[in-house]
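> Predicted structure and sequence below. I'll ask about it afterward.
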Amino acid sequence: MSGLQIDAVEKDFGETSVLKGVTLNINDGEFVSLVGPSGCGKSTLLRIIAGLETATRGTVSIDGTDVTHVRAADRNLSMVFQSYALYPHLTVAENIAVPLRMRQMSTTQRLPVVGGLIPGTGPLKRDISQAVRHAAEMLEIGALLDRKPGQLSGGQRQRVALGRALVRNPAAFLLDEPLSNLDAKLRVQTRAEIAQLHRKLKATFIYVTHDQVEAMTMSDRIAVMMGGEILQCAAPEVIYEDPNDIRVAEFIGSPKINILPLEHTNDGVVLLGRVLDWPMPAGMPHLMQLGLRPEALRLVEGPSKLRGRVVHFENLGSEIFAQVVLYDGDIRLTLRATPADRQRLSLGKEVSLEFELRSGLIFDTAGKRLRMAEVKTRAAKEVA
Amino acid sequence: MALIEASHGSKVSQDNHQVRTAWSMTAPALALMFLILLVPIVVAGVLSFSNYSLGNTGFDWVGSQNYERLFSRSTYEKMFIATFTYVVTVVPISVGLGLGAALLVHSLGRVGDIYKTIYFLPVMATLLAMAIAWEFMLHPTIGMVNRTLEIACGTWLETIPFFLQGCEGSFPLWLGDRDYAIWVVCFIGIWQGFGFNMVLFLAGLTSVHRELYNAAEMDGARSGWEQFRLVTWPALGPTTVFVVTISCIRAFQVFDTIEAFWPQGGGPSKSAYVMMFAIFEKGIQQNLIGVGSAITMLFLLFVMFLTLIQRWLIERKVHYG
């Protein structure tokens, strides 16, 4: 058994319950993102894994060993902080060397003058500086080793923080929103570099972010957290295409998924007053919700089930997002269109929308996915 | 070409205009600085080479005689010993206690506010008023200190030589004893000063990034001492330099305790005859402006020296980045 196991972890701050029984198994070498809106408990969970916070209930194990009551310094984990947390008085090289100096050298060996006199200090120091150079070269910051953090740009500081994390061989890397202080362009670049680093090191990465794009692009698996629980933990494409919960569907995907009310009556399935050709199995609730991704909608000529007026549109060059207010029910839908459709999408213009029944995701009123309803639909569609 | 020259010329006159405005704006500040800072220092410097007394119509130049006296007479030797004893004792202890108290108070949270107030009280109270309270407490026979010490008589504490002597004869006279006088002054200086240092250190501690402690823990700094060495102490560098300099200057300036305890002489056999008191006694009480000015110049030299060290340290060592 290897990797990291989090078992029924709960955390209370006074009366407030921040984590409500989180269970997560992370395999050796896996890149797992914890993603969710701010206040969902993802950073607290990471700090509990790191050992900087203790769980109120539940256990954390690393490689099958229970470390719930082991302090952070003894867990053999590395962490990159949101603020980078570099020591301002040390040079880049010294910053990267700190984890090695603290773990491999004794207190007397670290003393400025006396330390050099103790046998074994010299070779140890050489080993450490070699490891530092190696880490610096891997991150392409070899030229900065003599600078202080105050003389570096945000991106360079971020690399130094990464260097400090990877200079030793930890059981896992914990990253707490490491890209949130970078500008948009640098973020995209560093995102790719971290993903490459993961492939190169083949180490376990646990990555906390509120940015779903980061989670989608870098992870092997995404754990979507909300209200102190993991709603779903799966591969990025599963999270996007096959969410278990309406909150997952709404959080992942930009622009947000469109949600429409769906009624199941004796006449059949009714969407905004129109009966759909939708064979619903028995036992489905009266009221449901239909989730449609913006790319599931398409523009059509002539009358259709969904008609409305364009109230806003954003042209991103390669694609266009238009917001359409439907005539029925005053519902706003977001639609993704190609540049070829630009002529048909001027502001205030009336449009007709169509969608494939099979691309709709159906949820009950509490937000739980109703896969039963969808399977039948797809079957029906195929028969038709 | 002519056009370029014309525009060039107008640019020069514009520059001149700006320079003139800048000087006229800074002139009042410069004049004030010159009048109330530099002129008195220069006057004191000039007078230190004379035998001027206030009220006299003239004076004679005496060359470096005043300075020679400072370095030859035993009174001034005592002055230097008392001053440096005070500085060397009070500065490290009040800075160390200030830092220790700040770290403890900082770790307490809400309860710490009470301690903050208690430790800061002596700073707010006038030292002159406090000196009277201390004089009462340190009175050899009716003072609280010696009476408390007397309780120990007849107990096992008598095995300690200090108590044995005190119980058989008498406990120290404190302010009247030349072996104790300067140390009592030092003690009061520390008692009065460390609260101020604590507040400065507390301000410094609030600027330490909390995440740095987490990073230090992750990096394997297990003990509180290692975290202090790695995070707290470097972060407090600028504060420490400032606190040490301020404490030094304040220690050189000690005056009111001594004036309150021994208005007529600077302690038993001049054992607490510090520089400020010497300036006061010579320059004001005895109207020997020349000697008083010479001590003043020496005092300014010390303070200037300390300030320069502080500037150098701050620019070189403790400001990162």
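Perfect, I can see it now. Values in this document were obtained by computation on a predicted structure and should not be read as measured data.

> make it CA atoms for all contacts and neighbour counts henceforth
Noted.

> domain ranges for chain A?
Domain assignment of chain A by automatic domain parsing yields the ranges A:4-244, A:255-383.

> B:Ser271 is nearest to which of these?
Proximity to B:Ser271, assessed across those by CA to CA, is greatest for domain A:4-244 (40.3 Å).

> Just give me how far the closest one sits from the chain centre.
From the chain centre to the centre of domain A:4-244 is a distance of 15 Å (CA atoms, centre = their mean, to the nearest Å).

> Is that domain in proximity to chain B?
Yes - counting by CA under 8 Å from any CA of the partner chain, contacts between domain A:4-244 and chain B involve A:50, A:52, A:72-74, A:77-79, A:81, A:83, A:85-89, A:98-100, A:102-103, A:148-151.

> coming back round to it: mean pLDDT lowest where, among the domains of chain A?
Sorting these by mean pLDDT places domain A:255-383 lowest, at a mean of 82.

> Among the domains of chain A, show me which one is buried the most.
Counting by mean count of other CA atoms under 10 Å in any protein chain shown, domain A:4-244 has the highest mean neighbour count of those, with a mean of 19.

> for it, how far is the first residue from the last?
Terminal residues of domain A:4-244 are spaced 24 Å apart (CA to CA, to the nearest Å).

> So A:Asn224 lies in a helix, does it not?
That one is not Asn; residue A:224 is Val. No - membership of A:Val224 in a helix is not supported by DSSP: H, G, I helix; E, B strand; the rest coil, which gives strand.

> how about it, what does it touch?
A:Leu34, A:Val35, A:Gly36, A:Ile230, A:Leu231, A:Gln232, A:Cys233, A:Val248 (CA atoms under 8 Å, 6 or more residues apart in numbering or on different chains).

> change it to 6 Å
A:Val35, A:Gly36, A:Ile230, A:Leu231, A:Gln232 (CA atoms under 6 Å, 6 or more residues apart in numbering or on different chains).

> Find the centremost residue of the chain, please.
All of this refers to chain A. Nearest to the mean C-alpha position of chain A, counting by CA atoms, centre = their mean, stands A:Ala215 at 3.1 Å.

> I was after chain B.
Centroid-nearest residue in chain B: B:Arg250, 1.7 Å away (criterion: CA atoms, centre = their mean).

> Tell me which residues of whichever strand or helix holds it come out buried.
For B:Arg250, the host element (DSSP states H and E) is helix B:237-252. Across helix B:237-252, burial judged by 16 or more other CA atoms under 10 Å in any protein chain shown covers B:237-252.

> Then stretch B:160-180?
B:163-164, B:166-167, B:171-176, B:178-180.

> Going along the chain, name the helices of the stretch 1-150 of chain A.
A:42-50, A:92-104, A:114-117, A:121-138 (DSSP state H, counting those that start in this stretch).

> what's the closest of these to A:Ala161?
helix A:92-104 (7.6 Å).

> Now do the closest one: everything it contacts.
A:Leu145, A:Arg147, A:Lys148, A:Gly163, A:Arg164, B:Asp219, B:Gly220.

> ok, so of the residues you listed, who is nearest B:Ala203?
A:Lys148 (24.0 Å).

> Report the secondary structure state of the residue in the stretch 201-350 of chain A positioned nearest to chain B.
Scanning the stretch 201-350 of chain A for the residue nearest chain B gives A:Ile206, at 15.1 Å (criterion: CA to the nearest CA). Classification of A:Ile206 using three-state DSSP returns strand.

> so what pLDDT did B:Thr239 get?
90.

> so what's it up against?
The contact partners of B:Thr239, by CA under 6 Å, 6+ apart, come to B:Gly204.

> which residues sit in contact with B:Thr126?
Here B:Thr126 is in contact with no residue (CA under 6 Å, 6+ apart).

> now do the one 4 residues further on
Shown here is B:Met130, which makes no contacts under the criterion CA under 6 Å, 6+ apart.

> What pLDDT does the model give B:Ile41?
Reported pLDDT for B:Ile41: 93.

> burial measure for it, as a count.
Residues contacting B:Ile41 under the criterion other CA atoms under 10 Å in any protein chain shown number 17.

> for the one 5 residues further on, same thing?
Burial of B:Val46 is recorded as 15 neighbouring residues (other CA under 10 Å).

> Next: B:Trp61.
14.

> got the phi/psi numbers for it?
Per-residue torsions, B:Trp61: phi -80, psi 130 (degrees, to the nearest 10).

> contacting residues around the nearest residue to it once chain neighbours are set aside?
Once flanking residues are discounted, B:Trp61 sits nearest to B:Ser50: 4.4 Å by CA to CA, 6 or more residues apart in numbering or on different chains. The contact partners of B:Ser50, taken as CA under 6 Å, 6+ apart, are B:Asp60, B:Trp61, B:Val62, B:Gly290.

> Excluding chain neighbours, what is closest to A:Phe355?
Nearest one to A:Phe355, counting by CA to CA, 6+ apart, is A:Leu297 at 4.9 Å.

> cool, B:Val185 as well?
Here the residue nearest B:Val185, using CA to CA, 6+ apart, is B:Thr257, at 6.9 Å.

> And the one helix or strand that neighbour maps to, how far out from the chain middle?
If you go by DSSP H and E, B:Thr257 is part of helix B:256-261. Centroid displacement of helix B:256-261 relative to its chain, using CA atoms, centre = their mean, is 16 Å.

> That one - contacts with which helices or strands?
Of the remaining helices and strands, none touches helix B:256-261 by 3 or more CA pairs under 6 Å, 6 or more residues apart in numbering or on different chains; DSSP states H and E.

> helix or strand right after it?
Following helix B:256-261 in sequence order, the next helix or strand is helix B:275-279 (DSSP H and E).

> Thank you kindly, that will do.
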